[in-house]
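# Structure for this input, please:
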Amino acid sequence: MRISRTKRRVFKAVLFVMLCSFLEILSFGAFRLREGRWYSWSTAAQIRNSAGSSSTKLSLPVDTSATGAVHPYVGCVMPPNWEPNKMNMTWGEELTNHPCDGFPSFRPVVQKRSPNTVIIGLFGGSVAEIFYYQGIPVLLEKLKEDPKYRGREFVVVCMATGGFKQPQQLMALNYLLVQGGELDVLINVDGFNEVAFHASGNQKQGVFPIYPRSWAARVGQIRDPHVLKLYGQAAILESDLRENGEFFSSVPMYYSPTCHLLWRATNQSLIRRLQAAKVAIENDHERDVLDRPGFGYHPSSEEEVYEELVGIWESSSRLIGELCAANAIQYYHFLQPNQYVEGSKPMGDDELQIAFREDHPYREGVTRGYPLLRQAGERLALSGENFTDLTDAFRETQESVYIDDCCHFSDLGNRILAERIAEAILKSPN
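Take a look at the predicted model:
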């Protein structure tokens, strides 16, 4: 008996729908295995958005995106045409800030105290900046449990900026205070940038460690056409990363676990190509900048370099503490976790593939610098500073937390970080 063309089409359509449904079910289970929780549209969107933010901000020795305007006091800030990524805001904060502030804060950074508010300033690099978007809601819910905060409005200002390292946090605090800004609580999450960036950036140009990241590129000129071409390729890849996340966050892909897995595969491919461009830039980047201030630093040993880097970090934190004490600000300092700290987190094959590179240019800085940071942190704590070492924050976490091979966390990682930060604040006698 001959089957009509219409029935054949219906049969093929049914088979196609069944195949798609089967793939969605498989992808639903795969998401659970990878992320340690069941798939939800909002969770998947947050993972895509946070991955896009972290990958584009710190992928290169010099930001080729819109960020990185030179600033006379803090090194570099967001440019005047900066527009925040509203997709990353998970807690409904209304944008009231003016972009000339230069910081990625939805509220103006200059705030005045009142009896009914608690003004929290968040300081650090990109990990702290992403925490502003993803971790702050969890932190505030925990802090509301404390009687001294109950019934008061939390006002959070973000002075954290991707790439910042000490003394930029210290300078940012001075910049805020000299304008008349006030804080009740200062949270500083840092440590990684201070030791990871120098070897792969400033050190190659003989830049003194206290200078901001990629200082040669910020004040110098790129003369080599090949290097210019590499920067152009990297800028295109950064744009592709953002557009890839936006595409898979649009309807109907937004609702599909299968599309989320496709996004992850394409995202990792783009990141690998971007990392290759980064390595090529680092290998080929030559500039005639030794006559500029800050250049000509040639330490006698690697040990001297890391002692200098950690010394800057430690003394900057002490000075922040003194400024906070003089201005009635509660100061809480946290050493951020990182996957290259040995034994700091159990990693499955999937997370290792995403988050760990044997030859990563930042790995040496972590392995050499973090032991010194932890020792310096102990000294800070003994001197009375509210310092907490969070390098073990993910030690018992089996689920994937790291979203790239640099230092950044998923929504789950930021929730864990928020819980640990809240615990430290609530336990403090202040």
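# which intervals of the stretch 1-150 of the chain have sub-threshold pLDDT?
1-4, 7-68, 81-100 (pLDDT under 70).
# can you map out the helices along the stretch 101-250 of the chain?
Shown for the stretch 101-250 of the chain, the helices assigned by DSSP state H, counting those that start in this stretch span residues 126-134, 136-143, 168-178, 192-200, 215-219, 225-248.
# which residues are contacting stretch 143-152?
With contacts defined as CB atoms under 8 Å, 6 or more residues apart in numbering, stretch 143-152 is touched by N116, T117, V118, F154, A422, I425, L426. Where you see a C-beta, it was placed from the backbone N, CA and C, and this is true even at glycine.
# now do 10 Å
114-118, 120, 140, 142, 154, 184-185, 418, 421-422, 425-426, 430 (CB atoms under 10 Å, 6 or more residues apart in numbering).
# need the contact list for D184.
Listed by CB under 10 Å, 6+ apart, the contact partners of D184 are 111, 113, 117-121, 149, 152, 154-155, 328-330.
# and it, what are its phi and psi?
The phi and psi values for D184, taken as degrees, to the nearest 10, are phi -100, psi -40.
# if we can go back for a sec, out of the helices of the stretch 101-250 of the chain, which gets the lowest mean score?
Ranked on mean pLDDT, the bottom entry among those is helix 215-219, at a mean of 73.
# I figured A217 hits G163, correct?
No - A217 is beyond contact range of G163, at 11.7 Å (criterion: CB atoms under 10 Å).
# Need the distance between the two termini of stretch 175-182.
11 Å (CA to CA, to the nearest Å).
# follow-up on the earlier one: are any of the contacts of stretch 143-152 buried, and if so which?
Among those, those buried by neighbour count (16 or more other CB atoms under 10 Å) are V118, I120, L140, K142, F154, D184, V185, A418, I421, A422, I425.
# May I see the residues you listed organised as a markdown table, with distance to G348 added?
Shown next, in a markdown table, are the buried ones among the contacts of stretch 143-152 (distance: CB to CB, whole Å):
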| residue | distance to G348 |
| --- | --- |
| V118 | 39 |
| I120 | 35 |
| L140 | 32 |
| K142 | 29 |
| F154 | 36 |
| D184 | 41 |
| V185 | 36 |
| A418 | 24 |
| I421 | 26 |
| A422 | 28 |
| I425 | 32 |
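# Check these against Y132 and report the nearest one.
Nearest to Y132, judged by CB to CB, of these is I120 at 10.0 Å.
# For the closest one, list the residues it contacts.
111, 132, 136, 139-140, 143, 154-158, 183-187, 330, 332, 425.
# still on that earlier bit, among the contacts of D184, who's most crowded?
Within these, neighbour counts (other CB atoms under 10 Å) peak at G121, which reaches 27 neighbours.
# E399 looks like it's in a helix, true?
No - assigned with DSSP: H, G, I helix; E, B strand; the rest coil, E399 falls outside any helix and is coil.
# thinking again about what came up before, which pair of the buried ones among the contacts of stretch 143-152 spans the longest distance?
D184 and A418 (18.1 Å).
# before we move on, back to that, just flag the most distant two among the contacts of D184.
The span of the contacts of D184, defined through CB to CB, is set by F154 and A328 at 17.5 Å.
# which one's the longest strand in this structure?
Identified as the longest strand of the chain according to DSSP state E is strand 117-124.
# distance between that strand and the chain's centre?
Strand 117-124 sits 17 Å away from the centroid of its parent chain (CA atoms, centre = their mean, to the nearest Å).
# in its sheet, what does it sit against?
Paired with strand 117-124 in the same sheet, following DSSP bridges, are strand 153-158 (parallel), strand 185-190 (parallel).
# and the angle for the last one with helix 126-134?
For strand 185-190 against helix 126-134, the angle between stretch directions is 130 degrees (axes from the mean of the first three to the mean of the last three CA atoms, to 10 degrees).
# how long is stretch 385-397 end to end?
End-to-end distance (CA to CA), stretch 385-397: 28 Å.
# Quick check: can you list the domain ranges of the chain?
According to automatic domain parsing, the chain is divided into the following domains: 1-39, 77-218+291-427.
# What is the end-to-end distance of the last one?
Length of domain 77-218+291-427, first residue to last, CA to CA: 34 Å.
# before we move on, the earlier item: which of the strands paired with strand 117-124 is buried the deepest?
strand 185-190 (a mean of 25; mean count of other CB atoms under 10 Å).
# Tell me the gap between it and the middle of its chain.
14 Å.
# Can you give me the neighbour number for the closest residue to F197 other than its chain neighbours?
Nearest-residue entry for F197: R213, 4.9 Å, with adjacent residues in sequence omitted and distances by CB to CB, 6 or more residues apart in numbering. R213 is flanked by 27 other residues according to other CB under 10 Å.
# so what's R213 scoring on pLDDT?
R213 is assigned a pLDDT of 86 by the prediction.
# And P429, how close does it get to G343?
According to CB to CB, to the nearest Å, P429 and G343 sit 31 Å apart.
# neighbour-wise, which of those two wins?
Taking neighbours as other CB under 10 Å, P429 and G343 compare with G343 leading, 8 against 4.
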